[in-house]
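Peer 1: Make a model of this:
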Amino acid sequence: MNLLNSFTPQLVQFNELDIPGLIDLSASVGWDYDKYEIQTVLSSGKIFGHKNKNGEVISSAAIIEYDKNLASIGMVIVNDSYRGLGLGKLATQKCLDSISNQTIAMLIATEAGKPMYEKMGFRTTDSIHKYICESYIPNNSSINHSFNIEPFSDKDFSEILKLDHGAFGVQREHFLVNRIAQAKEALILKDVDSKIIAYGLSINGPVQLVLGPIVAPNPQLAMLLVGQLTKNHHGPFRIDVPSGNEDFMRNLESVGFKKASNPPVMIKNGEQLPPRDQTLFAIAAQIFG
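Peer 2: Numbering: from 1, shown residues only. Predicted coordinates for the structure are as follows:
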C-alpha cells in the first residue's frame, strides 16, 4: 500500500527534541548514531527529514557547511516501511537548497544510495577506506621518543585549526570546537622544538571507539597517534581513511585493522574537492566528510 494515500509526510528541520526519534531511525537500518553524535551534527549543521502521522521520524538527511566552499551531507536514512516514496531524495534536496549552488556539496555514499545521488547530479571523485579492529596488536617498534604526545588544551586550538585547514582544505572551526568537546581523547603531537605538528581525536561510539580526525605530516606519526588513542581501550575500533594513504593502511593492517568497505566519495557543484596538503590520515566520520 502507498503510505502517502492516507497521509503526506511533511519535510521539517529537526532539533534536539527529535534526537530520540533520529536514534530510532538510525537503529532501524542498522546504523549506530547515538545522542552525542547527533548533538554534534545539530550543533555543527542542520538535519532535515520527515515524520509520519504518529510523529515518528521516518527519514533524515544532514548537512554541515564548513565555509562557502564546501559542505558535507550525510545521515541520509529512510525507514524501510517508507522506502520508494522519494523521501530520501526530498530530504537530501532540502540540504542542497540550504547552501549556495556555488558551494561544493560532498557525501560518502552507500551502494544503495549511490544511484539516487547520481540522478541528483553527484559524481564519484574518490573513495574512503573503512577499517575495523577487533583486537589491536601494539607495534612498539614505531615509537619515536623525539616526539611528545600531550593532551589537547584550549591554548592549542589555533594551531590545530591551521593543521586541519591544510589537511581538509577548508576552515572547520565551529565543527572542531564541537568535535573536541565530544571527544574521549584529544591529543597533540609536538616535535623537538615543541611545535605542534599533528593531532588526533577518539570518539566513544555505542559500538566502536572511532578514531579521527588524524592529521600528521607522515604515516609513522599518524600511527603514533593511533597507538596512543587506542591505548587502554578494551573493545573494537573504527577508522575511515582517505585514499592515497597506502603506507598508513598497511601499518593499520599490521596492528590488526581489517578493511570493511570502500565507499565512494561523491560531489556536486564542482569539479573536485578543495586542495588538501596530504596530511589527513583519518576523517572524523563519514557524515562529516
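Peer 1: all contacts plus neighbour counts: C-alpha atoms, from now on.
Peer 2: Will do.
Peer 1: Spell out the residue ranges of the strands in this protein.
Peer 2: Counting by DSSP state E, one finds strands in the chain at the ranges 11-13, 46-51, 57-67, 70-78, 104-108, 123-133, 148-151, 185-190, 196-204, 209-215, 237-242, 257-261, 264-268, 280-282.
Peer 1: count of neighbours near Gln10?
Peer 2: Counted with other CA atoms under 10 Å, the neighbours of Gln10 add up to 12.
Peer 1: Now it. Nearest residue, chain neighbours left out?
Peer 2: Across the structure, with CA to CA, 6 or more residues apart in numbering as the measure, the residue nearest Gln10 apart from its sequence neighbours is His50 (5.6 Å).
Peer 1: isn't the one you found right next to Leu87, touching?
Peer 2: Yes - His50 is within contact range of Leu87, at 7.4 Å (criterion: CA atoms under 8 Å).
Peer 1: Let me see the contact set for Val207.
Peer 2: Asp32, Pro236 (CA atoms under 8 Å, 6 or more residues apart in numbering).
Peer 1: how much space between it and Ile196?
Peer 2: Using CA to CA, to the nearest Å, one obtains 31 Å as the distance from Val207 to Ile196.
Peer 1: what's the overlap in contacts for His50 and Leu87?
Peer 2: Common neighbours of His50 and Leu87 (criterion: CA under 8 Å, 6+ apart): Ser59.
Peer 1: was I right about Asn101 contacting Cys95?
Peer 2: No - when contacts are counted by CA under 8 Å, Asn101 is not listed as touching Cys95 (11.3 Å).
Peer 1: Looking at those two, which is more packed in?
Peer 2: Neighbour tally, Asn101 and Cys95, criterion other CA under 10 Å: the higher count belongs to Cys95, 26 against 13.
Peer 1: Nearest residue to Gly212 in space, please, no chain neighbours.
Peer 2: Ala284 (4.4 Å).
Peer 1: So for that neighbour, what's the pLDDT?
Peer 2: What the model reports for Ala284 is a pLDDT of 98.
Peer 1: That one touches Pro213, doesn't it?
Peer 2: Yes - with contact defined as CA under 8 Å, Ala284 reaches Pro213; the gap is 4.3 Å.
Peer 1: quick one, which of these two is more surrounded?
Peer 2: Pro213 (27 against 21).
Peer 1: what's the spacing between that one and Phe281?
Peer 2: In this structure, Pro213 lies at 7 Å from Phe281, with CA to CA as the measure.
Peer 1: overlap in contacts of those two?
Peer 2: The contact lists of Pro213 and Phe281 share no entry, where a contact means CA under 8 Å, 6+ apart.
Peer 1: residues near Asp232, how many?
Peer 2: No Asp there; residue 232 is Asn. Burial of Asn232, expressed as a neighbour count using other CA under 10 Å, amounts to 8.
Peer 1: Show the contacting residues for it.
Peer 2: Applying CA under 8 Å, 6+ apart, no residues contact Asn232.
Peer 1: Equivalent analysis for the one 10 residues further on, please.
Peer 2: Taking CA under 8 Å, 6+ apart as the criterion, Pro242 is in contact with Ser127, Ile128, His129, Leu280, Phe281, Ala282, Ile283.
Peer 1: Grab the nearest non-local neighbour of Gln13.
Peer 2: Gln13 sits nearest to Phe48 (CA to CA, 6+ apart), 4.4 Å away.
Peer 1: Show me what the one you found bridges to in the sheet.
Peer 2: For Phe48, the beta-bridge partners under DSSP bridges are Gln13, Ala61.
Peer 1: which residues does the residue nearest to Gln10 contact?
Peer 2: With contacts taken as CA under 8 Å, 6+ apart, His50 has the following neighbours: Pro9, Gln10, Leu11, Val12, Val57, Ile58, Ser59, Ser60, Leu87, Ala91.
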